[in-house]
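1. fold the following.
(one chain, ligands or ions: 2)
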Amino acid sequence: MEKVCPVCNGLVAVAENCPRCGRRLVDGGALENYFGPYSPYMDVASFQQGAPDVHCVHLLYCPACGYDVRAAWDLVAI
Ligand SMILES: [Zn+2]
Ligand SMILES: [Zn+2]
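-> Ligands and ions are numbered 1, 2, ... in the order given. Model (predicted):
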């Protein structure tokens, strides 16, 4: 059984609101798409906690005020 990110695959919608202005945050995509898997900017170890394949980390951003935040989703089996 394959495990996939539900957000990358469109199975769930991002439903986080901006803590600054309350607008709905937009999914900017998985962080891999920004930095690559071996980038020094990958400070996502705190999300992964030794199990690198159980989470997909996305960048969420607010189109209204520019706030951005990382969020991790558990992978789901399909
Ligand atoms: Zn994802
Ligand atoms: Zn905002």
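2. contact partners for residue 76?
-> The contact partners of residue 76, by CB atoms under 8 Å, 6 or more residues apart in numbering, come to 3, 4, 5, 6, 11. Quick note: C-beta positions are derived from backbone N, CA and C, even for glycine.
3. if any of these are buried, give me the ChimeraX selection for them.
-> A single ChimeraX command is used to select the members of those judged buried by 16 or more other CB atoms under 10 Å:
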select :5
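4. immediately after the lowest-mean-pLDDT helix or strand in the chain, which helix or strand?
-> The weakest-scoring helix or strand in the chain, judged by mean pLDDT, DSSP states H and E, is helix 45-48 (a mean of 48). Past helix 45-48, heading to the C-terminal end, the next element that is a helix or strand (DSSP states H and E) is strand 55-61.
5. what lines up beside that following strand in the sheet?
-> The strands that strand 55-61 pairs with in its sheet are strand 26-30 (antiparallel), strand 68-74 (antiparallel) (by DSSP bridges).
6. how far out from the middle of the chain is the longest one?
-> Looking back up the chat, that one is strand 68-74. Strand 68-74 sits 4 Å away from the centroid of its parent chain (CA atoms, centre = their mean, to the nearest Å).
7. ok, the closest residue to residue 12 other than its chain neighbours - contacts?
-> Counting by CB to CB, 6 or more residues apart in numbering, residue 12 lies nearest to residue 6, which is 4.5 Å off, once chain neighbours are set aside. For residue 6, the contacting residues are 12, 73, 75, 76, taking CB under 8 Å, 6+ apart as the criterion.
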